[in-house]
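Q: could you look at this predicted model? Sequence included:
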Amino acid sequence: MVSQDRTDSSKQAKQERDMGQLIKRLDMLDDRLDNMDSIMTSLIERVMGRPLILEVTCPNCSQTIQVHITSGVRMRGKE
């Protein structure tokens, strides 16, 4: 009976550790996506008047993804 309690508690501890690792990895992924969003936003703000092609290469498969960014906003001079 005591050994079963130890087994159950060790399984529960392992599940809690695994859940903690999963939460940590999801938080890291969220931070990375937020950073990419910030970079994309700043790039778009800088080149609103001109088309832009952004190329991103996957570090795992080395596939290149091209993102074409254009603006639908007309730039106005000072009135």
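A: Good, I have the coordinates. Bear in mind that the values here come from a model prediction, so they are computed numbers and not experimental data.
Q: where do the strands sit along the chain?
A: For the chain, the strands defined by DSSP state E occupy 52-57, 64-69.
Q: hmm, who's touching the last one?
A: Put plainly, it is strand 64-69. 43, 44, 47, 51, 52, 53, 54, 55, 56, 57, 58 (Cβ atoms under 8 Å, 6 or more residues apart in numbering). Glycine gets a C-beta too; all of them are placed from N, C-alpha and C.
Q: let's see 10 Å
A: Identification of contacts with strand 64-69 by Cβ atoms under 10 Å, 6 or more residues apart in numbering yields 40, 43-44, 47-48, 50-58.
Q: starting at the chain centroid, how far to it?
A: How far strand 64-69 lies from its chain's middle: 17 Å, per Cα atoms, centre = their mean, to the nearest Å.
Q: send me that strand as CSV with only the CA atoms.
A: As requested, the backbone C-alpha atoms of strand 64-69 are provided in CSV (Å, rounded to 0.1, in the frame of the first residue of the first chain):
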residue,chain,number,x,y,z
THR,A,64,12.0,29.9,-47.8
ILE,A,65,8.7,31.7,-47.3
GLN,A,66,8.1,35.0,-49.1
VAL,A,67,5.6,37.6,-47.7
HIS,A,68,4.6,40.4,-50.1
ILE,A,69,3.5,43.5,-48.3
